[in-house]
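**Student:** model the structure of this input:
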Amino acid sequence: MRSPDFKAYVALAVVCFFWGTTYLATSVAVTTVHGFFLAGVRQTLAGLIMAGFFLLRGHPFPKGAELMRLIWTGILMVGISNGFMNWSLQHIPSGIGAILAATTPIWMVAFGAMTGVKTRLSWTLVLGILVGLAGIAGIFRDYVAELLNPDFRMGIVLGLASTMTWCLGSVLTIRKKLSTHIIFGSGVQLIAAGVSMFLLSAATSGIGGEVFFRPVGWTFYASLSYLVGIGSIITFTAYVYALTHLPPAKVSIYSYVNPIVAVLAGAAILGEKLTLNTLAFSLVTVAGVWLVNRAK
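**Tutor:** Okay, the predicted model is just below:
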């Protein structure tokens, strides 16, 4: 007989694997269009589908202060964060982008401290931060030559900025719970994020505005379909299901598995550099993040 939690564990497995592969799909898509434009298309489509589902079922659209909160958090946490990560993947391997994103708990602690969120300081927390940062530093031993390339360095900065933007938005909004259904609210956030990325793409013609009128190949549409259908809708729904049926500590395992999946997928499909050093220090980084989460 199957355990009552069997479906929740299947959902968690979906999150662990497929969210890790979205870095690969993004890397493929941004070879054709700029990351801002990709973020705009992906987020708007996914948001319209998710929010539209709830509207058709009779759910009232958020209003007033709650709507404004969904809009600005969507732009900050989803739009800017995802736009920066997409842009960074035009210059760095997908696996490196995933490892940078995996350091989210470390930056959450830092921004929490700066904004007055109380965090109990412990040796486990300090050790986790140091181990995580040491893992990141160790990974770049394989990229010494690339670090001399200004585009590569910009990709690293954008990847870190993406992670920090997500964390800052999370810390600023964590204190007040929304009354809107989480998936409906996420759909509204995605629409706001997507529209903001469209406007930014159009305004920055030297960065991405020209893609509105430029033909794109089938690889872009395939990657976009994967990101919208699998990455945004199916996997996020699986994440919410897992979170409502399993303890948060168990669900958080996805943040340790995703970067490893991304590193292996990037190496297997895109031929990205994968050495024993990269794999070992990726695991070191994940171990540091685990220690930070354990301490929190």
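**Student:** low pLDDT regions in the stretch 151-296 of the chain?
**Tutor:** Scanning the stretch 151-296 of the chain for pLDDT under 70 picks out 171-177, 205-215, 249, 296.
**Student:** also the stretch 1-150 of the chain?
**Tutor:** Scanning the stretch 1-150 of the chain for pLDDT under 70 picks out 1-4, 111-121.
**Student:** mind listing what the closest residue to I75 other than its chain neighbours touches?
**Tutor:** Excluding the flanking residues, the one nearest I75 by CB to CB, 6 or more residues apart in numbering is S196, at 4.6 Å. Just so you know, the C-beta spots here come from the backbone N, C-alpha and C atoms, and that holds for glycine as well. S196 makes contact with G40, G74, I75, G79, I80 under the criterion CB atoms under 8 Å, 6 or more residues apart in numbering.
**Student:** do H91 as well
**Tutor:** Applying CB under 8 Å, 6+ apart, we find H91 in contact with D151, F152, M154, G155, L158.
**Student:** how near is it to P259?
**Tutor:** 18 Å (CB to CB, to the nearest Å).
**Student:** going by secondary structure, V10 is in what exactly?
**Tutor:** Assignment of secondary structure by DSSP states H and E places V10 within helix 6-29.
**Student:** need the helices for the stretch 151-296 of the chain, in chain order.
**Tutor:** Using DSSP state H, counting those that start in this stretch, the helices of the stretch 151-296 of the chain run over 182-203, 218-225, 235-245, 248-251, 254-270, 276-295.
**Student:** pick the most deeply packed of those helices.
**Tutor:** A comparison of the helices of the stretch 151-296 of the chain by mean neighbour count, using mean count of other CB atoms under 10 Å, puts helix 182-203 on top with a mean of 22.
**Student:** and that one with helix 235-245, angle?
**Tutor:** Per axes from the mean of the first three to the mean of the last three CA atoms, to 10 degrees, the angle that helix 182-203 makes with helix 235-245 is 150 degrees.
**Student:** mind exporting helix 182-203 as PDB, just the C-alpha atoms?
**Tutor:** The C-alpha trace of helix 182-203 is given here as PDB (Å, rounded to 0.1, in the frame of the first residue of the first chain):
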ATOM      1  CA  ILE A 182      -0.700  31.300  -3.500                       C
ATOM      2  CA  ILE A 183      -0.800  30.100  -7.100                       C
ATOM      3  CA  PHE A 184      -3.300  32.800  -8.100                       C
ATOM      4  CA  GLY A 185      -1.100  35.400  -6.400                       C
ATOM      5  CA  SER A 186       2.000  34.000  -8.100                       C
ATOM      6  CA  GLY A 187       0.200  34.300 -11.400                       C
ATOM      7  CA  VAL A 188      -0.400  38.000 -10.800                       C
ATOM      8  CA  GLN A 189       3.200  38.400  -9.700                       C
ATOM      9  CA  LEU A 190       4.300  36.700 -12.900                       C
ATOM     10  CA  ILE A 191       2.200  39.000 -15.100                       C
ATOM     11  CA  ALA A 192       3.600  42.100 -13.300                       C
ATOM     12  CA  ALA A 193       7.100  40.800 -13.700                       C
ATOM     13  CA  GLY A 194       6.600  39.900 -17.300                       C
ATOM     14  CA  VAL A 195       5.200  43.200 -18.300                       C
ATOM     15  CA  SER A 196       8.100  45.000 -16.500                       C
ATOM     16  CA  MET A 197      10.600  42.900 -18.400                       C
ATOM     17  CA  PHE A 198       8.900  43.600 -21.700                       C
ATOM     18  CA  LEU A 199       9.100  47.400 -21.000                       C
ATOM     19  CA  LEU A 200      12.700  47.100 -19.900                       C
ATOM     20  CA  SER A 201      13.600  45.100 -23.000                       C
ATOM     21  CA  ALA A 202      11.900  47.600 -25.300                       C
ATOM     22  CA  ALA A 203      13.500  50.600 -23.500                       C
END
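**Student:** where's that helix relative to the chain centroid, distance-wise?
**Tutor:** Computed by CA atoms, centre = their mean, to the nearest Å, the chain-centroid distance of helix 182-203 equals 15 Å.
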